[in-house]
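Kindly generate the corresponding structure for this input.
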Amino acid sequence: MTKNSDSLTPESDARVLSAALRKLCLPKWLWRSGVVAATIFVWIWLAKQILTFGNLIRYDGLEPLGEQVVSFMTRFNPYLWIGVIVILSLILLSVLRTWLKASVMRGRASIVSVSTVQQLAQNLSVDGVDVFKWVWRHEEGPVTVGDLRRTRDQIRSGRVRKLAMARAQHRALEEVLAAKPAHPIDAIQTPEAIQPVGLSEPRLEPIVSNLEPKIEPELKQKPDPRDDSIPTLKTKQ
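Presented below is the predicted three-dimensional model:
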């Protein structure tokens, strides 16, 4: 039975998504809480054992170095092991924090079943489903827990109102474009090429005609090299 109606609000959509997230994430939350609690309990027990071990240590073997050295190490001994415990605690917290972040990221990447998505679609309003589709990119893969978290956060931040405003702005632009007459490409006249005044192409005919009378006499007066005779020398008898 669908519950999409005008009575549903973004607040109700956020509550529906929060309930679905609690149902999906509760087993992982219990698992993480159990691991963290067990780690802390074991570490407290180990820290007590380390302190007990440190209190049993005696520095009598340092007597050749002097009684002052032995007395100093005896007084400093509790602080030494407390420092060791602090350093190990910081290392343990860093490792535990890294594991917790990786577990949360794996949980957000968990795929949501088809039945859960169908139930959400029935319980969400039309605007809630619209935001859900806006957040989820179906080309990248199935719906994940992270998509549900982002949908809830977007609904709480007013994404429904922003999407409605964006659609109204898009419709306004489409109406303006539809009202304006179209300008066909054939009606656009391209200006003809205008030749600048005074830059006409030079005429070469008079120059060639003026050169012809000068060239022809020179060609006529030039002797033919084939008519030249070879001069001979006369010898005296």
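
From here on, just use CA atoms for contacts and neighbour counts.
OK.

The closest residue in space to Gln154 that isn't next to it in sequence: which element?
What sits nearest to Gln154 in space, not counting adjacent residues and going by C-alpha to C-alpha, 6 or more residues apart in numbering, is Val131, at 7.5 Å. Following DSSP states H and E, one finds Val131 within helix 126-135.

What segments of the protein are helices?
10-55, 67-108, 114-123, 126-135, 145-156, 159-179, 205-221 (DSSP state H).

chain center to the fifth one, what's the gap?
So that's helix 145-156. Relative to its parent chain, helix 145-156 has a centroid offset of 19 Å by C-alpha atoms, centre = their mean, to the nearest Å.

What pLDDT does the model give Tyr79?
pLDDT recorded at Tyr79 is 86.

Just give the number of residues close to it.
13 (other C-alpha atoms under 10 Å).

now it: how far from Ile91?
19 Å (C-alpha to C-alpha, to the nearest Å).

still on that earlier bit, so what's the residue nearest to Gln154 up against?
Neighbour list for Val131: Thr151, Gln154, Ile155, Arg159, Val160 [criterion: C-alpha atoms under 8 Å, 6 or more residues apart in numbering].

Just give the nearest non-adjacent residue to the first one, would you?
Among residues not flanking Thr151 along the chain, Phe132 sits closest, at 5.5 Å (C-alpha to C-alpha, 6+ apart).

and if you look at the last one?
Among residues not flanking Val160 along the chain, Asp127 sits closest, at 6.1 Å (C-alpha to C-alpha, 6+ apart).

Counting neighbours, what do you get for the one you found?
Neighbours of Asp127 using other C-alpha under 10 Å come to 21.

got a pLDDT number for it?
pLDDT, Asp127: 89.

For it, give its distance to Thr151.
Using C-alpha to C-alpha, Asp127 is found at 11 Å from Thr151.

what's the answer for Ala102, then?
Taking C-alpha to C-alpha, one finds Ala102 at 22 Å from Thr151.

Likewise for Thr98?
26 Å.

Just want to know which of the two has more residues nearby.
Using other C-alpha under 10 Å as the criterion, Thr98 and Thr151 rank with Thr151 on top: 25 against 11.

Okay, now the unreliable bits of this protein?
1-8, 62-63, 182-237 (pLDDT under 70).

How many residues are close by Leu21?
16.

any idea how far Asp147 is from it?
Per C-alpha to C-alpha, Leu21 is found 10 Å from Asp147.

Check His170 too.
For His170, the distance to Asp147 - C-alpha to C-alpha - is 26 Å.

Looking at the two, which one has more neighbours?
Ranked by neighbour count (other C-alpha under 10 Å), His170 and Asp147 place Asp147 first, with 21 against 11.

For the more buried one, which non-adjacent residue is closest in space?
Using C-alpha to C-alpha, 6+ apart, the closest residue to Asp147 is Trp136 (6.1 Å).
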